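**Q** just need the structure, nothing else, for what follows:
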Amino acid sequence: MKNKATLSLPKKLILCLYVLVFVSCNPEDDTNPSPVPDVRDKFIAEWNVSDACSKGNYIVTISKDPSNTAQVLLQNFAGSLASQPDTAIVAASSIVLFQQTNSEGWQVKGSGSYLEDGSIDWVFTLVISGYEESCTATYVRGK
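**A** I've put the predicted structure just below:
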C-alpha cells in the first residue's frame, strides 16, 4: 500500500529548488557600492581659471545639472559672463563641452581632463562674431 504522506520525485525537486533560491538570496552579501559614486563630484567647485587666449584670469563655477546625471553646468565658461550656463558631459576624468551657442551668442566647444593634482586642463574653441579662436586654460580649485 502507498503512503500518501510522501512527495513524488518532481515535487521534491521543486521544493529543493525553492529552498536553495531563498537561502542563496542574502541582501547583506551585496558587493556593489550603494549608492554608486557620482563621477561629477570631483568637477563640482568654483575654479580659478588661467586662460591662455585672453591672457587673463576669471572664475568658473561648475555645478551638477539636476535634470541629467551625467551632465554639469558651467557658469562663466571662457569668461563669457553669459546669463545662462553652458552644459558639459562628464565621463570618468574627462569633461566634454559639445558645440553650443551661449546666451552671449558665442559658439563654444571643447574638452578637459581632470589631473592627479586636482586641476583641469582644457582645450576649447570659441567663435565670437564669426572669428574662431583655439584656446587652452587651466582650472585650479578655488579655496
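**Q** only C-alpha atoms for contact and neighbour calcs from this point on.
**A** Fine.
**Q** for G112, list each beta-bridge partner.
**A** I95, W122 (DSSP bridges).
**Q** quick one: contacts for it?
**A** 94-96, 120-123 (CA atoms under 8 Å, 6 or more residues apart in numbering).
**Q** next: S94.
**A** 111-114 are the contacts of S94 under CA under 8 Å, 6+ apart.
**Q** buried members of those into ChimeraX, please.
**A** A single ChimeraX command selects the buried members of the contacts of S94 (16 or more other CA atoms under 10 Å):
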select :111,112,113,114
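**Q** list the contacts for N76?
**A** Taking CA under 8 Å, 6+ apart as the test, what N76 contacts is 59-61, 82, 85.
**Q** what's the distance between it and A92?
**A** 23 Å (CA to CA, to the nearest Å).
**Q** one step back: just the buried residues of the contacts of G112.
**A** For those, buried by 16+ other CA under 10 Å: 94-96, 120-122.
**Q** possible to save the residues you listed as CSV with distance to T69 and pLDDT?
**A** Compiled in CSV, the buried ones among the contacts of G112 are given as follows (distance: CA to CA, whole Å; pLDDT from 0 to 100):
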residue, distance to T69, pLDDT
S94, 15, 97
I95, 13, 98
V96, 14, 98
I120, 20, 98
D121, 22, 98
W122, 22, 98
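**Q** still on that earlier bit, ok, the contacts of N76 vs G130, which is closest?
**A** G130 has its nearest neighbour among these in A82, at 17.6 Å by CA to CA.
**Q** among the contacts of G112, which one sits closest to S103?
**A** V96 (18.8 Å).
**Q** ok, now which ones touch the closest residue to the closest one other than its chain neighbours?
**A** Leaving aside its chain neighbours, V96 sits nearest to S111 (4.4 Å; criterion: CA to CA, 6 or more residues apart in numbering). By CA under 8 Å, 6+ apart, S111 lies in contact with 94-97, 122-124.
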